[in-house]
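> using only what follows, build the 3D model:
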Amino acid sequence: MTTGTDPGALPRYRSNLQGEVDGAAVYAALAESEADPKLAEVFHRLAAVEQAHGEFWRKRIEAGGDHFSPAPSASARILSWLAKRFGPAFVLPAIAASEARGSTAYDAQPEAKAAGLPADERSHAVLMRAAAGEGGLSGPTIALLEGRHRGGGNTLRAAVLGANDGLVSNLSLVMGVAGAAAADNTLLLTGLAGLVAGACSMAMGEWLSVTSSRELYQSQIATEAEELREVPEEEKEELILIYQAKGIAEPQARALAERLLSNEGTALDTLAREELGIDPDQLGGSAWTAASWSFLLFAGGAIIPVAPFLLLSGRPALIVSLAASGLALALIGAGTSLFTGRSALFSAARQLAIGIAAAVVTYGAGAIVGVSLG
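Residues are numbered from 1 along each chain as shown. Coordinates of the predicted model:
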């Protein structure tokens with residue numbers, strides 16, 4: 001080594017650099033796919049921060065006589081592709097969770113603390129406010145940045161888990177019937193019936209859930225509108241208290257509340273957002289859209305263990321069904337690593353083990369029941 005760099009620290013430096021490269025790539029993809037220019041500028045600035053941090057670690061690595069220029073990892077490339085394909089809201093919850101997990105990663109690293117990197121990691125909110133300019137970012141935009149957007153919400157998580165529900169439940173169903181030594185046409189019919197029944201049940205449940213939420217939100221907003229008409233002074237005092245709880249001095253909080261409540265439409269919108277925590281423009285999203293996606297995702301997972309029986313028969317069909325389901329389980333497990341922070345390999349292995357265990361249990365149960373009935 002040509003400098004005083006500790007060789008034992010190089011693996012940590014490489015890991016830090018990989019994380020910064022991944023962050024810069026994902027934020028650049030968000031900036032490219034974001035239609036709101038203010039929000040796109042926020043993502044550009046966040047990407048620049050990640051790039052600067054990456055250069056810091058790259059120089060530390062080179063000072064130790066090593067060279068390491070990593071490309072974005074597989075998970076970063078997947079998140080970038082999803083952002084470009086489905087929009088930032090689709091992946092922001094996963095990114096927000098990742099940022100929360102990594103916000104203290106540099107706190108125990110002396111080189112990072114000396115360079116002020118921990119403070120930089122916590123300064124993203126400042127960058128967002130700076131990018132907002134004079135107009136400021138709207139409430140829904142801030143919620144979007146924080147991964148709490150009601151429309152986009154946890155769409156990525158729901159997609160992965162919805163497909164997993166269909167796959168595991170139908171694989172277990174098919175294996176249970178196979179354990180009872182049922183004929184191929186019975187296996188196929190059972191699998192297809194499980195697919196349709198499960199997908200319809202999931203879709204109906206999702207529709208009822210979203211519809212109930214929308215009706216509750218509408219009822220709460222209607223109640224708030226009635227209170228605004230009947231007791232406007234009380235509503236104003238409540239809003240003043242809310243702003244004071246956020247750290248605004250009483251005179252400024254009172255002036256702000258009076259200005260916002262001077263217009264009835266603005267007043268109701270403000271009270272819904274500030275007092276009830278409801279976005280009147282979203283109300284939990286579309287029930288039919290949620291139901292449709294729930295049906296398709298469940299069916300997409302459930303068809304995997306059934307499809308081989310459309311083309312094959314006997315033991316080959318069973319083996320191919322297990323193999324295809326195992327591969328899908330591993331891919332779904334790797335997908336969960338995007339929002340859990342665990343390694344893709346660990347997540348894939350865990351998901352595969354759980355799914356196969358469920359299949360083995362139901363196969364054994366089917367075999368026992370089949371013998372008893374026989």
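> just the buried residues of stretch 252-268, please?
In terms of neighbour count (16 or more other Cβ atoms under 10 Å), stretch 252-268 has its buried residues at 253-254, 257, 260-261, 267-268. Where you see a C-beta, it was placed from the backbone N, CA and C, and this is true even at glycine.
> likewise stretch 287-305?
By 16+ other Cβ under 10 Å, the buried positions in stretch 287-305 come out as 287, 290-291, 293-305.
> now that stretch: average pLDDT?
Stretch 287-305 carries an average pLDDT of 91.
> what about Ala245, neighbour count?
9 (other Cβ atoms under 10 Å).
> and the gap between it and Glu234?
17 Å (Cβ to Cβ, to the nearest Å).
> for Ala76, same thing?
50 Å.
> those two: who's more crowded?
For Ala76 and Glu234, the more surrounded residue by other Cβ under 10 Å is Ala76, and the numbers stand at 21 against 11.
> beyond the helix of greatest length in the chain, next helix or strand please.
With secondary structure taken from DSSP state H, the chain has its longest helix at helix 184-230. Using DSSP states H and E, the next helix or strand after helix 184-230 towards the C-terminus is helix 232-245.
> what's the helix or strand that that next one is followed by packed up against?
The helix or strand immediately downstream of helix 232-245 is helix 250-260, counting by DSSP H and E. Of the remaining helices and strands, those touching helix 250-260 by 3 or more Cβ pairs under 8 Å, 6 or more residues apart in numbering; DSSP states H and E are helix 232-245, helix 264-274.
> what sits against the closest residue to Gly314 other than its chain neighbours?
In space, and not counting its chain neighbours, Gly314 is closest to Asp184: 6.7 Å by Cβ to Cβ, 6 or more residues apart in numbering. The neighbourhood of Asp184, defined by Cβ atoms under 8 Å, 6 or more residues apart in numbering, consists of 309, 313-314, 317.
> equivalent analysis for Gly205, please.
Contacts here follow Cβ under 8 Å, 6+ apart; on that basis Gly205 touches Ser294.
> do Ser69 as well
Residues near Ser69 by Cβ under 8 Å, 6+ apart: Arg58.
> for Gln18, see how far away it is.
11 Å.
> quick one: residues contacting Ile303.
Applying Cβ under 8 Å, 6+ apart, one finds that Ile303 lies in contact with 166, 170, 195.
> excluding chain neighbours, what is closest to the first one?
What sits nearest to Gly166 in space, not counting adjacent residues and going by Cβ to Cβ, 6+ apart, is Gly301, at 3.1 Å.
> now render the buried residues of stretch 252-268 as JSON lines, adding distance to Trp207 and pLDDT.
As requested, the buried residues of stretch 252-268 are arranged in JSON lines below (distance: Cβ to Cβ, whole Å; pLDDT from 0 to 100):
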{"residue": "Ala253", "distance to Trp207": "41", "pLDDT": "83"}
{"residue": "Arg254", "distance to Trp207": "44", "pLDDT": "86"}
{"residue": "Ala257", "distance to Trp207": "38", "pLDDT": "82"}
{"residue": "Leu260", "distance to Trp207": "35", "pLDDT": "77"}
{"residue": "Leu261", "distance to Trp207": "36", "pLDDT": "78"}
{"residue": "Ala267", "distance to Trp207": "32", "pLDDT": "76"}
{"residue": "Leu268", "distance to Trp207": "27", "pLDDT": "78"}
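> related to what we said a few turns ago, quick check: angle from the longest helix of the chain to helix 232-245?
110 degrees (axes from the mean of the first three to the mean of the last three Cα atoms, to 10 degrees).
> quick one: mean pLDDT over helix 184-230.
If you average the pLDDT over helix 184-230, you get 87.
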